[in-house]
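[1] structure, please.
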Amino acid sequence: MLEERGKNPENMLKTLKKWLDRERRVLITASAVAGTVIVMRCFGFFQVWEWAAFDYFVRWRPAEPIDSRIVIVEIKEADLQKYGYPISDAVLAQLLKKLHAGKPRAIGLDVYRDLPTQPGNAELLNTFKTIPNLIGIELMPDEARFGVLPPPVLDKLDQIGFNNVVIDADSKVRRTLLYSWPGDSETHESLALTLALRYLESEKIFPQPATVNPQYLQLGKGVFQPFQPNDGAYVRADSRGYQILANLRGARGRFRTASMSDVLSGKVPADFVRSRAVLIGSTAPSLRDFYQNSYSSGWFAPPQQIPGVELQAHFLSQILSAALDGRGGINVWPEVAELLWILLWSWAGASVSWNLRSLRRSVYFLSSISLGLSACLYLAFLAGWWLPLIPPILSLVGSGAAVVGYLAHLQEELKRSKEFLQSLIDTIPDPIFVKDRNHRCLVLNQAYCRFIGYPLEILTCRTDYDLFPQAEAEIFWQQDELVFQTHQPRENEEYFTDAHGITHLIATKRSLHKDAAGNLFLVGAIRDITERQLRENALERKNAELSHQADHDALTGLPNRKMFYECLHQSLEKASSNQELVALLFLDLDGFKSINDTLGHNVGDLLLKTFASRLKKSLRGSDTIARLGGDEFTVILPAIPGREEAAKVAEKICYAIVQPFILEEHTVSVTTSIGISLYPIDGSEPDILVKNADVAMYRAKECGKNQYQFFN
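    Predicted coordinates:
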């Protein structure tokens, strides 16, 4: 188990190294293109395009229902014509009193009132003091505008909210301010936030630090993550104050409205504003209190602007919906995640083009992927996530285009290399093949075609699996792959079956060749060594026969005297090491000379051969039988337990030999006399053991033959 654990990291590293080597060009191209896109993004080149994509996503998503918690009292162009401009303090006081009588939760006066507008200023000041849920506005000064002071009375009562709007470089509003710290040591709240806090007091909801991050504001169910300079598509944006991305409910008309004239004339129902937040502001074009947002653009229509009061209503609705309904805002990824996102799609574009290796197919697939990516990011936007779109698509297409261009260069160089290699190998008489990294045959000479038995047009662009039996193809593939991996030339012998089914033994030398564009080729040269191998095999068989003849008896095929002594010497050495007994049996045929003289040498030779065959059948495979000459035979019984076992073997031999021999038309009966000597009891040297067994054999003959005797 420890060895396996040690090998796993090594295998993982090897696998990673192979993958990096294989994907090296893709990774380099993807990194270069992604790096270029990221640098351009950091300089803001794609900011406007990303804003445009954001606006389209906003317009394409379904409009949300009208927010019945908010009412807008519009000061229309007709109201200005009826009551005059600027509207007098008396008319404004009367409007506030009528609205306050309807018992709204909060009233937001999105009208500047830093100076008296007679008549009725005293009445208006008294109205300001008597409506505790009335919120006035101020305009804080910035680099582009002078500020407008709040109504002094409401300022002293801390019933003020600023209505400053954050405008992007393309003149659209996509963010809103909740708090601001202009440098006067005070915290200023926006009009929308101040109204929301007054509205939420009835729900027992108050601002507090968020549990996910104490630096974030939490109201009820909603957590408001502050905007950062590089959030979303923004690049080094002004993030002063506490900003959030605006999440509007839809185009114009997402709130209940009533004109100032209708409220003053009593045409509005008594419960129209009850328990709601009321915003009073101008929608008259002549006052030019209008802004552009994501809903302002269309395919062909001119930009439509939204009144400032309705924009404030959207901001208020966003806060209330988050706090009470849990409606999420617009979330973004950390900057590091966005950079990795761009790099990922750059790698995808390079990988797709590299694997397809076709301009037409690459354009089709990259276009399809871009559309799919846009659709997925739109779905993510519906779920509340604003993810980069333009940089990933540019990285995807850019890396794909770079790879296609590089592949076109490779193809041109490949064509030149093939022409060069073809002209070179056609002059070589030996079979030559050239393969690419995918083991496909690119260039072949005519000698190779003749050798394999197929024409050139059939062999081109085929792999070994298309041409040879699977077992042979696997070996060829493995040998090719070793050269590709090690970059070292190799030469080895292989079996090769041609188109006619004839198998050859070949010697193949493989090496690598790289052209100017980096295309890698495997070049192989083949030599047919079948005839040479046949000659070598014949020579080996001849040598084996000669060696066998030198060590074996020509008649019986048994080991001869020389081989017998070698075997005996080995058996004795082993017995000495293992403290074992070895029995040596010396056999002589009784009456063999008489048979040889009367029946002839042919019958005598046949008797000796049959005698040797019966001996083999009577003994173990580990026992050694030898013919010393004439009718003298020896048997070596290694690792014999004792005298009794040696005696049983001798009895078995005697019984086997006493059976009649049928030799041609003759039936012959013979017996054998056996002498037995034991190592180390009767001697420790081979010559002594043989001599003592011979002595015992003669004693067996003297005692009547057809028996065995131990050396005593």
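[2] immediately after the helix or strand of the chain with the lowest mean pLDDT, which helix or strand?
    Sorting the helices and strands of the chain by mean pLDDT, DSSP states H and E puts helix 2-22 at the bottom, at a mean of 59. Once the chain leaves helix 2-22, the next helix or strand it forms, by DSSP states H and E, is helix 24-42.
[3] mind listing what's buried in that following helix?
    26-27, 29-30, 33-34, 36-38, 41 (16 or more other C-beta atoms under 10 Å). (Glycine included, C-beta is placed from N, CA and C.)
[4] got it, and stretch 122-140?
    Buried residues in stretch 122-140 (16+ other C-beta under 10 Å): 123-125, 127-128, 131, 133-140.
[5] and the stretch of helix or strand residue 124 belongs to, what's its mean pLDDT?
    Here residue 124 sits within helix 121-130, counting by DSSP H and E. Taken as a whole, helix 121-130 carries a mean pLDDT of 95.
[6] shaky segments in the stretch 151-300 of the chain?
    Within the stretch 151-300 of the chain, the ranges that satisfy pLDDT under 70 run 298-300.
[7] and the strands in it?
    In the stretch 151-300 of the chain, the strands defined using DSSP state E, counting those that start in this stretch lie at 160-162, 172-173, 175-180, 188-189, 208-209, 217-219, 222-224, 242-245, 256-259, 277-282, 290-293.
[8] so of those, which one's packed in deepest?
    Comparing the strands of the stretch 151-300 of the chain by mean neighbour count (mean count of other C-beta atoms under 10 Å), strand 277-282 ranks first with a mean of 25.
[9] what are the pairing partners of that strand, and which direction each?
    strand 70-75 (parallel), strand 106-109 (parallel) (DSSP bridges).
[10] which residues touch it?
    69-75, 95, 99, 104-111, 195-196, 198-199, 260, 289, 307-310, 312-313, 316, 320 (C-beta atoms under 8 Å, 6 or more residues apart in numbering).
[11] give me the secondary structure label for residue 350.
    helix (DSSP: H, G, I helix; E, B strand; the rest coil).
[12] possible to save the strands of the stretch 151-300 of the chain as TSV with distance to residue 149?
    As requested, the strands of the stretch 151-300 of the chain are exported to TSV (distance: least, C-beta to C-beta, whole Å):
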stretch	distance to residue 149
strand 160-162	10
strand 172-173	23
strand 175-180	15
strand 188-189	13
strand 208-209	31
strand 217-219	27
strand 222-224	28
strand 242-245	22
strand 256-259	28
strand 277-282	18
strand 290-293	22
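[13] for residue 711, which of these is the nearest?
    Among those, the nearest to residue 711 by C-beta to C-beta is strand 222-224 (108.7 Å).
[14] so who does the nearest residue to residue 473 once chain neighbours are set aside touch?
    For residue 473, ignoring the flanking residues on the chain, the nearest one in space by C-beta to C-beta, 6 or more residues apart in numbering is residue 464 at 4.0 Å. Listed by C-beta under 8 Å, 6+ apart, the contact set of residue 464 reads 439, 472-473, 476-477, 480.
[15] now a PyMOL select for only the buried ones of those.
    Remark: buried members of the contacts of residue 464, expressed as a PyMOL selection using 16+ other C-beta under 10 Å:
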select buried, resi 439+472+473+476+480
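[16] let me know the closest of the contacts of residue 464 to residue 448.
    Nearest to residue 448 among the contacts of residue 464: residue 476, at 13.3 Å, using C-beta to C-beta.
[17] any idea how far residue 370 is from residue 469?
    Distance, residue 370 to residue 469, by C-beta to C-beta, to the nearest Å: 46 Å.
[18] counting by contacts, list what the helix holding residue 124 packs against.
    If you count contacts as 3 or more C-beta pairs under 8 Å, 6 or more residues apart in numbering; DSSP states H and E, helix 121-130 packs onto helix 89-101, strand 134-138, helix 152-156.
[19] nearest to residue 708, of these?
    Using C-beta to C-beta, the helices and strands packed on helix 121-130 put strand 134-138 closest to residue 708, at 131.7 Å.
[20] give me the contact list for that closest one.
    96, 100, 106-114, 127-128, 147-151, 154-155, 159-163, 188, 191, 194-195, 198.
[21] quick one, the strand or helix carrying residue 54 and helix 24-42 angle?
    Assigned by DSSP H and E, residue 54 belongs to helix 47-60. Angle, helix 47-60 to helix 24-42, by axes from the mean of the first three to the mean of the last three C-alpha atoms, to 10 degrees: 90 degrees.
[22] which positions in helix 47-60 come out as buried?
    47, 50-59.
[23] mind putting those residues in a markdown table, pLDDT and distance to residue 296 included?
    Formatted as a markdown table, these follow (pLDDT from 0 to 100; distance: C-beta to C-beta, whole Å):
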| residue | pLDDT | distance to residue 296 |
| --- | --- | --- |
| 47 | 94 | 18 |
| 50 | 95 | 17 |
| 51 | 94 | 12 |
| 52 | 92 | 12 |
| 53 | 93 | 15 |
| 54 | 94 | 13 |
| 55 | 93 | 8 |
| 56 | 92 | 12 |
| 57 | 94 | 15 |
| 58 | 93 | 10 |
| 59 | 91 | 9 |
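[24] could I get these as TSV with distance to residue 607?
    What follows is the buried residues of helix 47-60, written out as TSV (distance: C-beta to C-beta, whole Å):
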residue	distance to residue 607
47	112
50	108
51	113
52	112
53	107
54	111
55	114
56	110
57	108
58	113
59	114
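[25] pretty sure residue 332 contacts residue 232?
    Yes: with contact defined as C-beta atoms under 8 Å, residue 332 counts as touching residue 232 (4.7 Å).
[26] run through this protein and note the low-pLDDT ranges.
    1-23, 298-302, 410-411, 413-415, 417-427, 515-519, 543-550.
[27] in it, which strand is the longest?
    strand 503-514 (DSSP state E).
[28] run through who's touching that strand.
    Contacts with strand 503-514, where a contact means C-beta under 8 Å, 6+ apart, come from 417, 421, 434, 479-480, 483-484, 487, 489-498, 520-530, 533.
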